[in-house]
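K.L.:
could you look at this predicted model? Sequence included:
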Amino acid sequence: MPNTASKSKVSDRLQVARNNTVRPYVPLQKRPLPAGRPRKWYISHNRRLKAMRLTIALLDSGIYLPSQASNERIRRTAELIDIRPPSDTTCRLVRTLMRYSR
């Protein structure tokens, strides 16, 4: 009996592995931010989210070093992924995230 149970588990895993297909990336549904925080918190929170999106896009495009990510390149990447052009502060944050992702 134990052999058949282990065989069925293995076949179930193989069936699941065969059915898994690579699907295109779909971003998570946005949720509203918590109310009652100071305005400064919302500004920095949104800046960090934007910097993370840009950092991921740069890493996906093959730019791994902060020295390769100039402000112009970061802004071109933002244009490609349909994000408003980042400020100098956000560009600096993108390079910082790239530095610490290693």
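P.N.:
Arrived safely. Numbering: from 1, shown residues only.

K.L.:
contacting residues around the residue nearest to Asn71 when sequence neighbours are not counted?
P.N.:
Sequence neighbours aside, Cys91 is the residue nearest to Asn71 in space, at 4.6 Å (criterion: CB to CB, 6 or more residues apart in numbering). Backbone N, C-alpha and C define where each C-beta goes, glycine included. When contacts are counted by CB atoms under 8 Å, 6 or more residues apart in numbering, Cys91 touches 69, 71, 74-75.

K.L.:
what's the PyMOL line that selects buried ones from those?
P.N.:
Burial among the contacts of Cys91 is assessed by 16 or more other CB atoms under 10 Å; the matching PyMOL selection reads:
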select buried, resi 69+71+74+75
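
K.L.:
just the ones of the contacts of Cys91 in helices?
P.N.:
Under the assignment DSSP state H, those contribute 71, 74-75 to helices.

K.L.:
dump the residues you listed into JSON lines; add pLDDT and distance to Ile81 as well.
P.N.:
Formatted as JSON lines, the ones in helices among the contacts of Cys91 follow (pLDDT from 0 to 100; distance: CB to CB, whole Å):
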{"residue": "Asn71", "pLDDT": "97", "distance to Ile81": "16"}
{"residue": "Ile74", "pLDDT": "97", "distance to Ile81": "11"}
{"residue": "Arg75", "pLDDT": "97", "distance to Ile81": "11"}
